[in-house]
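[1] I would like the atomic coordinates for the input below:
(chains A and B)
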Amino acid sequence: MGEVAAWIAVAAVPLVFGQHAALINEIAILALFAMSLDLILGYAGIVSLGHAAYFGAGAYGAALFAKHVMPDPLLGLAVGTSAGALLGLATSPMIVRGTDLTRLMVTMGIALVLLELANKFDNITGGIDGLQGVVIGPLLGVFEFDLGARVASFYSLAVLFIAFVLLRRIVHSPLGVSMQALRDNRLRLMSLGASVPARLAAVYTLGAALAGAAGALLTQTTGFVSLDVLEFHRSADVMLALVIGGTGWLWGGPIGAVAFKLMHDLLSAVTTQYWTFWIGLFLVVLMLVGRERLFRPWLWWRRGFVR
Amino acid sequence: MSDWALQTHGLVKRFGGITATDRVTLRVERGARHALIGPNGAGKTTLINQLTGVLAPSEGRVELAGRDITALAPHRRVALGLARTFQINQLFASLTPLQSLALAVGNRAGIGWRWWQPLGHDAAVAAECEQLITQFRLAEHAERVTRELPYGKRRLLEIALAVALKPSVLLLDEPAAGVPTAERRDILDTVAALPADVSVLLIEHDMDLVFSFARRITVLVNGAVLTEGTPDAIAADPRVRAVYLGDDHPMPAGAGHG
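    The predicted model follows:
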């Protein structure tokens, strides 16, 4: 019930804060991106510092489709999602084995390789200047993407909602619960006759697909794509947002995205240059004090809580 | 079809210069109540790990119902009917016994990959889980997170998860290890009540349990089979007595090679 109420509130946000539609759109996209990371980090336990690779694949996939094939946004979204999924599937054999450190480095490496490839093949990607001439058609053939980003914000929130419903279904299913089981005890899951690498690969591919969808949304709602979608800071930011919101419960991505973007906006307004200082400080405090104690300070005095 | 539910042929496992498993040929009959005993360091766990596929043998092969499974991955062997329990509990700490069993039963029933229905939605799976919960005396703990269960109940869940796979061969690795006396009865009863058609290979230190349960005993010493026979024959064998029975101390290295 609480979740239904929360989503009704979310749907009302662009109506009430219409003048901030562009920010709402950005938050929805980051929320989707962070939710896709939550699936692979929070549920499957795969640490990744290269999630931007799949975001970028989706962003370029949607852009190139719009430019060279056709401008329909929903088909473009499907293409971007597929691009993320394909790249995820192709790279999954590299991340299903190994330790956390191996995965951290391999995922980061994949994103760096992709960034440099996009830079090198600038005849396709537009390189550092970005891809010009991406025109997106009206949504469902009716709603033109406007400069005020109102259509964009509804579109991104709708995609976020669909992804949320889909993921909630998956995490409570036998496949999803087996992810939790996998984090608890990989040896036992294997002993139940389940193939651990195949499960990891499937979830990683799904996470990559949703990251691709987020990338496609960014391209479509801004009508532009550049190397920025593949930069390291995207992988880091999405990890940050997810960690702020909390891993392993689906709402972590959306809540983290709101907190991250609002902090960014507010802090940038106060101190343009030093916003990274404050977000850095916040991160250190969050990790050292713990989310529970930071957001529920009254628990500090409860017996047994402070060891 | 082979007469043996599980057998090994000349199994050898070397770790560097150490031979942990030394030409072990072991045969487990259909419907067996077979125990594998041996002093600490005899190589029982190394042998089990080769049977289940966690370790690859250096030489020799493993057959399940006559089929060579030496090269199969652990989860494939499980699908063919080879299940095990662990000496140290290997459970899903953050799941409930009901969820854990639903995963096990669901996997066996081929719906482990289902993503569009909640876990336990399938009526047949749910019914079977309920039945296992009752059989393994977990009813009052079924919805609690596993990490909060008393040790004896976790031990029961460990066995229940293997039984949920409806194996043709079940490897029990010291099922009573570390269980307080008050809760031992539950373990012994459930082990005694295992279906007659399941072939059970029991690895155990507890001689009371071994001699009350097994109809056949294999003695492993320094990685090699010392002898094999009925409980009476094993109890009367002077070599076994020398290395193992009635001797609480770990055997000195090299002794018992006979």
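
[2] what residues does chain A put near chain B?
    Listed as neighbours of chain B in chain A under the rule CB under 8 Å from any CB of the partner chain: A:169-170, A:172-178, A:180-181, A:184-185, A:187-196, A:202. (C-beta placed from N, C-alpha, C; glycine too.)

[3] repeat the analysis, applying 6 Å as the threshold.
    When proximity is defined by CB under 6 Å from any CB of the partner chain, chain A lies next to chain B at A:170, A:172-175, A:177-178, A:181, A:184-185, A:187-188, A:190, A:192-195.

[4] so of those, which ones are in helices?
    Using DSSP state H, A:Ile170, A:Pro174, A:Leu175, A:Val177, A:Ser178, A:Ala181, A:Asp184, A:Leu187, A:Arg188, A:Met190 are the members of the residues of chain A next to chain B that sit in helices.

[5] A:Leu117 is in what secondary structure piece?
    If you go by DSSP states H and E, A:Leu117 is part of helix A:100-120.

[6] dump that helix to PDB, restricted to CA.
    Extracted in PDB, the C-alpha atoms of helix A:100-120 (Å, rounded to 0.1, in the frame of the first residue of the first chain):
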ATOM      1  CA  ASP A 100      35.400  -8.300  -5.900                       C
ATOM      2  CA  LEU A 101      38.600  -6.500  -6.800                       C
ATOM      3  CA  THR A 102      38.900  -8.400 -10.100                       C
ATOM      4  CA  ARG A 103      35.300  -7.300 -10.900                       C
ATOM      5  CA  LEU A 104      35.900  -3.700  -9.900                       C
ATOM      6  CA  MET A 105      38.900  -3.500 -12.200                       C
ATOM      7  CA  VAL A 106      37.300  -5.500 -15.100                       C
ATOM      8  CA  THR A 107      34.100  -3.400 -15.100                       C
ATOM      9  CA  MET A 108      36.100  -0.200 -15.000                       C
ATOM     10  CA  GLY A 109      38.400  -1.500 -17.800                       C
ATOM     11  CA  ILE A 110      35.400  -2.300 -20.000                       C
ATOM     12  CA  ALA A 111      34.000   1.200 -19.600                       C
ATOM     13  CA  LEU A 112      37.400   2.700 -20.300                       C
ATOM     14  CA  VAL A 113      37.800   0.600 -23.500                       C
ATOM     15  CA  LEU A 114      34.400   1.600 -24.700                       C
ATOM     16  CA  LEU A 115      35.000   5.300 -24.000                       C
ATOM     17  CA  GLU A 116      38.200   5.200 -26.000                       C
ATOM     18  CA  LEU A 117      36.500   3.200 -28.800                       C
ATOM     19  CA  ALA A 118      33.800   5.900 -29.000                       C
ATOM     20  CA  ASN A 119      36.500   8.500 -29.100                       C
ATOM     21  CA  LYS A 120      38.400   6.800 -31.800                       C
END
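
[7] what's the spacing between the host helix or strand of A:Val4 and its chain's center?
    Under the criterion of DSSP H and E, A:Val4 resides in helix A:2-16. The chain centre lies 20 Å from the centre of helix A:2-16; the measure is CA atoms, centre = their mean, to the nearest Å.

[8] likewise for stretch B:130-150?
    21 Å.

[9] most neighbours of all the ones in helices among the residues of chain A next to chain B, which one?
    Among those, A:Pro174 has the most neighbours (other CB atoms under 10 Å in any protein chain shown), with 29 neighbours.
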